[in-house]
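Asker: mind looking at a prediction? Sequence and model below.
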Amino acid sequence: MYIVRWHFQTRFGHLKEVLSILRQWEIDVGQRVGWRASTVRVLEGVLGTPRSTIELEAHVESLGDLESSWADMERIPHHAEAMKALEKYVTSGTDAWSVYRQVELFEE
């Protein structure tokens with residue numbers, strides 16, 4: 001399994017707006033590309049990172065699934081609308097994707 005994180009910095013005082021857009025994005029886009037609400041979470045920076053840091057995290061089974069999800073997102077008009085809505089609340093140039101492979105600490 002892979003954990004995918006999209007992280008960015010919000011502009012000061014706009015966390016509520018960003019969370020509202022991300023909630024709607026999960027309904028309109030995330031669920032359509034297979035990212036179920038139970039496997040998606042949003043993280044806010046508290047310690048060791050700026051409070052303006054937001055991460056949207058999703059779990060995917062394979063890198064192929066991730067590539068397929070990204071391709072599907074580009075075909076959904078709601079995705080472009082959400083990205084345009086976020087544009088005024090995200091600090092330009094701060095967004096990036098990170099992909100992690102989950103490793104089991106103990107063998108079953």
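Answerer: Happy to help now that I have it.

Asker: every contact and neighbour count from this point should use C-alpha atoms.
Answerer: OK.

Asker: how about the strands in this structure?
Answerer: 2-9, 40-44, 53-60, 96-101 (DSSP state E).

Asker: Val90 is nearest to which of those?
Answerer: strand 2-9 (5.8 Å; Cα to Cα).

Asker: what's that closest one in contact with?
Answerer: 52-63, 90-91, 94-102 (Cα atoms under 8 Å, 6 or more residues apart in numbering).

Asker: distance-wise, check Tyr100 relative to Trp25.
Answerer: Separation of Tyr100 from Trp25 (Cα to Cα, to the nearest Å) stands at 22 Å.

Asker: neighbour count for those two, which is higher?
Answerer: Trp25 (18 against 11; other Cα atoms under 10 Å).

Asker: list the buried residues in the longest helix belonging to the chain.
Answerer: In the chain, taking DSSP state H as the definition, the longest helix is helix 63-75. For helix 63-75, the neighbour count (16 or more other Cα atoms under 10 Å) marks Leu66, Ser69, Asp72, Met73 as buried.

Asker: over to stretch 92-108?
Answerer: Quick answer for stretch 92-108 (16+ other Cα under 10 Å): Val99.

Asker: what about that stretch, how long is it end to end?
Answerer: Taking Cα to Cα, stretch 92-108 runs 44 Å from one end to the other.

Asker: so who does the nearest residue to Arg5 once chain neighbours are set aside touch?
Answerer: Closest residue in space to Arg5, ignoring its immediate chain neighbours: Glu57 at 4.4 Å, by Cα to Cα, 6 or more residues apart in numbering. The contact partners of Glu57, by Cα under 8 Å, 6+ apart, come to Ile3, Val4, Arg5, Trp6, Thr39, Val40, Arg41, Val42, Leu43.

Asker: lowest-confidence entry in the residues you listed?
Answerer: Minimum pLDDT for the contacts of Glu57 is recorded at Thr39 (85).

Asker: number of residues surrounding that residue?
Answerer: Applying other Cα under 10 Å, we find 12 other residues in the vicinity of Thr39.

Asker: ok, the most centrally placed residue in the chain - contacts?
Answerer: By Cα atoms, centre = their mean, the chain has its centre lying nearest to Leu56, at 3.0 Å. For Leu56, the contact set (Cα under 8 Å, 6+ apart) comprises Arg5, Trp6, His7, Val40, Arg41, Val42, Leu43.
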